[in-house]
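Undergrad: Got a predicted model here, sequence first, then my questions.
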Amino acid sequence: MKKTIIISLVLSLTINCYSQNLEKIKQSEVLFILHNGTNGNYQSKRISQKFKDKRASITYNFFFKEENYYSLQSEVMRFIYWHYSDFDEQYKDNPVPYFRLNKSFLKKNKDIIITGEFMQKIGYIESVKLINNAKTIFLIDKTELQNKEIIVKEVRCFYVAEE
């Protein structure tokens, strides 16, 4: 009996330590979103290079399939990275923030990094509320890990919001 209580206590503490903290995320002005690349049903990535200069864009999609009052509806939340936010910034050569961090950042900040699984768990409407609260959104693409470093990019979010 004593072993069972100790094991359940350790498991519950471990689960609480490694899960995302929704209240902490809601109060943050900066969001970090982890994208796992192309994970089938709920995530995809698309790179568009229209010009030979630095005007490429990368679109990261998160798909939600939820039941609403009327039917089974599928919503998409898109995060888009552009090298420059607009032509004025390109003329000034002021690119969108893009930096490298040690891979340990993922483990140290696991409770404030939003994953696709977490967004699926809280649902589309709650995910939209989180995104709307943030002043700055950074995306970490797990497929771009290089030499124990992750690449963090500032992105913009686009979605179809319901009233």
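TA: Alright, I've got the coordinates.

Undergrad: Now do the helices in this structure.
TA: In the chain, the segments counted as helices under DSSP state H are 2-18, 22-27, 87-91, 104-108, 116-122, 124-133.

Undergrad: who's in contact with the closest residue in space to Tyr98 that isn't next to it in sequence?
TA: Spatial nearest neighbour of Tyr98, excluding adjacent residues (Cβ to Cβ, 6 or more residues apart in numbering): Lys153 at 5.0 Å. (Each C-beta comes from the backbone N, C-alpha and C, glycine too.) By Cβ atoms under 8 Å, 6 or more residues apart in numbering, Lys153 lies in contact with 58, 81, 96-98, 138-139, 141.

Undergrad: go again using 10 Å as the cut-off
TA: By Cβ atoms under 10 Å, 6 or more residues apart in numbering, the contact set of Lys153 is 58, 60, 79, 81-83, 96-99, 137-141, 144.

Undergrad: Tell me how far the nearest residue to Ile25 once chain neighbours are set aside lies from Asn61.
TA: Leaving aside its sequence neighbours, Ile25 sits nearest to Ile112 (Cβ to Cβ, 6+ apart; 5.7 Å). Per Cβ to Cβ, to the nearest Å, Ile112 is found 22 Å from Asn61.

Undergrad: Of the two, which one has the most company?
TA: Neighbours of Ile112 and Asn61, each counted by other Cβ atoms under 10 Å, are more numerous for Asn61; the result is 18 against 15.

Undergrad: Now for that one: which residues touch it?
TA: Neighbouring residues of Asn61 by Cβ under 10 Å, 6+ apart: 35, 38, 42-46, 76-80, 116, 158.

Undergrad: let's see it at 6 Å
TA: Applying Cβ atoms under 6 Å, 6 or more residues apart in numbering, we find Asn61 in contact with 44, 76, 78.

Undergrad: Any idea which residue is closest to the centre of this structure?
TA: By Cα atoms, centre = their mean, the chain has its centre lying nearest to Ile33, at 2.0 Å.

Undergrad: Give me the below-cutoff pLDDT ranges for the protein.
TA: In the predicted model of the chain, residues 1-20, 38-42, 49-55, 66-73, 160-163 satisfy pLDDT under 70.

Undergrad: got a list of what Gln152 touches?
TA: Just to correct that, residue 152 is Val rather than Gln. Counting by Cβ under 6 Å, 6+ apart, Val152 touches 99, 101, 138, 140.

Undergrad: what's the closest of the residues you listed to Ile25?
TA: Nearest to Ile25 among the contacts of Val152 is Phe138, at 13.0 Å by Cβ to Cβ.
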